[in-house]
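Colleague: Okay, predicted coordinates and the sequence, questions at the end:
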Amino acid sequence: METTTVATNNTFVRQCIIKFIHDIEKQYSINVIFACEGGSRGWGTHTDDSDYDVRGIYILSEEQYMSVSKSKGILSGFSQTIPQTNVLFDYIFIDFRKFLKRNIFNEKNQLNLILQSKTWYINKIPQDILCQLKISLPIPLKGIKGHLNDLVKQLKNVQKISPKKALNCLIYGLQLIHIYMYNSFPFYSCQEEIEFLQNQMVNNEDKLNMEQKQNVQLDNIVEDFKIDQILDKFKQYLELKQHNQSSIPEQDNQIIQKFIQDIMSYKYNNTIQSLTPSQLDQIFRKMLSYKYQNVE
C-alpha cells in the first residue's frame, strides 16, 4: 500500500501525534510530562515508511495518587493510524511513580533509554531533574543484552539477514560497547554514537602517537571487536535499508553473528550505581509540586 502525500509531511504527523497525546491526557485525566520518538526514528535508521514509536511518562495529581482507585500504570496501543494517512504509530506511556519504582537497582528497564532521545514531542520535566535522571538511573545493561539474545535466536541458521535486523544487532552492540567503555548511558541517536566513538578512537590514537596512551581499555575493545569494520558495515546496511534491499551480503552473516557473540561474552565487572529509594521519592515529590511548562 502506498503512503499518501500527507503522510510524508513530518510536521503534519508530529502535530497529529501531539494532538493524540493531548487527547489521551483528557481521556485518562493524566499529565504527560515527557514524550519522545523511540525505535528506528529515534535511532535515525528509519525510512520514509517506518512507523512511529512514541514513548513517554505521565504523572497524576497528588489527589489521584492518594485515591484508593489505582492508576493503570502503563497505557499502550499498537498500530494506531494517523488521521488522513496510512502512517502507523505505537505508543507506551508509563506512570512516573511506576517508572521510578521500576528503576531501583533495575538493569532491565529499557524505558530508561528514552530519556536519552532528543526527538521530543513533549518535555515538561525540569532540567535539573532530567539531568539527574539521565545520570543516575540504572543503565539497562540486561535489557539491551536481552534484545541481543532475542536477535541471536532469530538469526540462528538463517541464510539471509535483513538490513533492519543487521542494523538492530549493531545498534545494541554499539550501545553495549559504550557502556563497557564509559559505564554511562549510550547515545540514543546512532549518528551521535558513531561520531562519539570515532572521535574517541581518533583522540586515543593521537595520544598513542605521543606515547600518552590514555585509554587502554578503549584501544583493546576497538581491536577485539573490530570497531572500524563495524562502523563501516553500519553505514552500508543503512544504505541497503533505505534502498529497500531484502538482505545484506551473505558473507557478512558471520561478521554479524561473531560480533554479537563477542559482545555478549565480554567480561564487564563494573557496578552500576542507582538512586536510593529516598532520592527517588524526593524526585517524585518535586515533580508533584512542579508547575509544568511544556516544551514542544
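Modeller: Ah, there it is.
Colleague: what element comes up after the worst-scoring helix or strand of the chain on mean pLDDT heading to the C-terminus?
Modeller: Lowest by mean pLDDT, DSSP states H and E among the helices and strands of the chain is helix 216-224, with a mean of 64. Once helix 216-224 ends, the next helix or strand along the chain (criterion: DSSP states H and E) is helix 227-242.
Colleague: What are the buried residues along the following helix or strand past that following helix?
Modeller: Remark: after helix 227-242, the chain's next helix or strand is helix 253-265, criterion DSSP H and E. Buried residues in helix 253-265, counted by 16 or more other Cβ atoms under 10 Å: Asn253, Ile255, Ile256, Gln257, Phe259, Ile260, Ile263. Quick note: C-beta positions are derived from backbone N, CA and C, even for glycine.
Colleague: Now stretch 171-179: average pLDDT?
Modeller: Predicted confidence along stretch 171-179 averages 91 (mean pLDDT).
Colleague: circling back to that earlier point, what is the most widely separated pair among the buried residues of helix 253-265?
Modeller: The most widely separated members of those are Asn253 and Ile263, with 16.0 Å between them, by Cβ to Cβ.
Colleague: And the helices in this protein?
Modeller: Per DSSP state H, the chain carries helices over the ranges 10-28, 39-43, 62-66, 96-101, 127-136, 141-155, 163-182, 190-209, 216-224, 227-242, 253-265, 277-289.
Colleague: which one of those lies closest to Val54?
Modeller: Nearest to Val54, of the helices of the chain and by Cβ to Cβ, is helix 10-28 at 6.0 Å.
Colleague: Would you mind giving the domain segments of this structure?
Modeller: Following automatic domain parsing, one finds the domains of the chain at 5-138+273-289, 141-265.
Colleague: So, low pLDDT: which residues of this structure?
Modeller: Scanning the chain with the threshold set as pLDDT under 70 gives 1-9, 68, 70-71, 103-109, 204-220, 222, 224, 270-274, 291-296.
Colleague: one more time with 80, if that's ok
Modeller: Scanning the chain with the threshold set as pLDDT under 80 gives 1-9, 68-72, 102-111, 135, 157, 201-225, 268-275, 291-296.
Colleague: thinking again about what came up before, let's have the helices of the chain in CSV, adding distance to Gln116.
Modeller: Below are the helices of the chain laid out as CSV (distance: least, Cβ to Cβ, whole Å):
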stretch, distance to Gln116
helix 10-28, 19
helix 39-43, 9
helix 62-66, 27
helix 96-101, 15
helix 127-136, 7
helix 141-155, 12
helix 163-182, 10
helix 190-209, 9
helix 216-224, 21
helix 227-242, 18
helix 253-265, 19
helix 277-289, 18
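Colleague: Show me the one of those that comes nearest Asn86.
Modeller: Among those, the nearest to Asn86 by Cβ to Cβ is helix 10-28 (11.6 Å).
Colleague: for the closest one, packing partners?
Modeller: Under the contact criterion of 3 or more Cβ pairs under 8 Å, 6 or more residues apart in numbering; DSSP states H and E, helix 10-28 touches strand 31-38, strand 52-59, strand 74-81, strand 88-95, strand 120-123.
Colleague: mind running it again at 7 Å?
Modeller: Using 3 or more Cβ pairs under 7 Å, 6 or more residues apart in numbering; DSSP states H and E as the contact test, the elements touching helix 10-28 are strand 31-38, strand 52-59, strand 120-123.
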